[in-house]
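K.L.:
predicted structure and sequence below. I'll ask about it afterward.
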Amino acid sequence: MLSPLEQFKIQILYAWSEKIEEINVIITNLSFTIIILFIVSLWFVCLSLKSSYILPNVRNVILEKLYEIILSMTGQIRSVVALQFYPLIVSMFCLILIFNSLGLVPYSFTVTSQLYITFTLSCSFFIGIIILGCIYNKLNFVKFFVPSAVSSKVLKYFLVCIEMLSFVIRPFSLGIRLFANMLAGHTLMYILGNFLFNVAILNLITIIIFPIGIIMLVVLLEICIALIQTYVFTILFIIYINDMFNINH
């Protein structure tokens, strides 16, 4: 039996090289999945812009509910200026939700199970937040690491080091949390799926209902985890934006 982590390996689907021009083109299962997602997303965007109805259809209702949910999440942002980043928050929420949900489709590839994908997302957003804080606060950005309610200089220097360390750890916690949850849940589904297959081969009909029920519960759990991890990632991103507009402790 293959390793449970075999499903997360990046494999080469097609490779093309031209020695004369020194061009190498390699298509992996990860790149193929991202290309398909981009095409489908572009199709949905074009479809939503193409037709407009006075009476909303099912797609419009779903989009409106999604808009209301994400708008309620932005209640963490107390600055009116920060609300201009709402389109970015919506795009990030939908992107991560699609990536998480894609792994539940049979014979698909879980994009968020790759650490460098989640880490690239978290680091890129984090660098953008730092640039935003420096532009908005200028030199006052340093006050974010200095607690104002502490009078002792020794304790203040110690807390500044702690604040700087916790600030640097933020992108790592964002990326690793999303990666670890997707990896662990899909690995558990793979192990239980192999167990159910072996039970079916042995014709143990009397006990096959139990693993089927367990797998259905795990699938439901994975759907919840995909939603919860998307929610957590978005909420933390909103809180980090809020910190850039409220740097005083």
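P.N.:
Everything's here; your move. Residues are numbered from 1 along each chain as shown.

K.L.:
quick check on Ile39: phi, psi?
P.N.:
Main-chain dihedrals, Ile39, degrees, to the nearest 10: phi -70, psi -40.

K.L.:
mind checking pLDDT for it?
P.N.:
Looking at Ile39, its pLDDT reads 80.

K.L.:
same question, Phe197
P.N.:
Turning to Phe197, the model gives it a pLDDT of 71.

K.L.:
burial count for it?
P.N.:
Neighbour count of Phe197, defined by other C-beta atoms under 10 Å: 11. Every residue, glycine included, has its C-beta placed from N, CA and C.

K.L.:
name the SS class of it, please.
P.N.:
Reduced to three states with DSSP: H, G, I helix; E, B strand; the rest coil, the structure at Phe197 is helix.

K.L.:
can you check Ile247 too?
P.N.:
Classified using three-state DSSP, Ile247 is coil.

K.L.:
I'd guessed it sits against Asn140; true?
P.N.:
Yes. Applying C-beta atoms under 8 Å as the test, Ile247 and Asn140 come out as touching, 6.5 Å apart.

K.L.:
those two: which is more packed in?
P.N.:
In this comparison of Ile247 against Asn140, neighbours counted by other C-beta under 10 Å, the higher total goes to Ile247 at 16 against 12.

K.L.:
OK, contacts around that one?
P.N.:
For Ile247, the set of contacting residues under the criterion of C-beta atoms under 8 Å, 6 or more residues apart in numbering consists of 133, 137, 140-141, 143-144.

K.L.:
just among the residues you listed, which is most surrounded?
P.N.:
The most crowded member of those, judged by other C-beta under 10 Å, is Gly133 (19 neighbours).

K.L.:
of the contacts of Ile247, which belong to strands?
P.N.:
Where these are compared with strands, as defined by DSSP state E, there is no overlap at all.

K.L.:
can I get these in JSON lines with distance to Val111?
P.N.:
As requested, these are arranged in JSON lines below (distance: C-beta to C-beta, whole Å):
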{"residue": "Gly133", "distance to Val111": "29"}
{"residue": "Asn137", "distance to Val111": "34"}
{"residue": "Asn140", "distance to Val111": "38"}
{"residue": "Phe141", "distance to Val111": "33"}
{"residue": "Lys143", "distance to Val111": "38"}
{"residue": "Phe144", "distance to Val111": "33"}
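
K.L.:
I appreciate the help and will end here.
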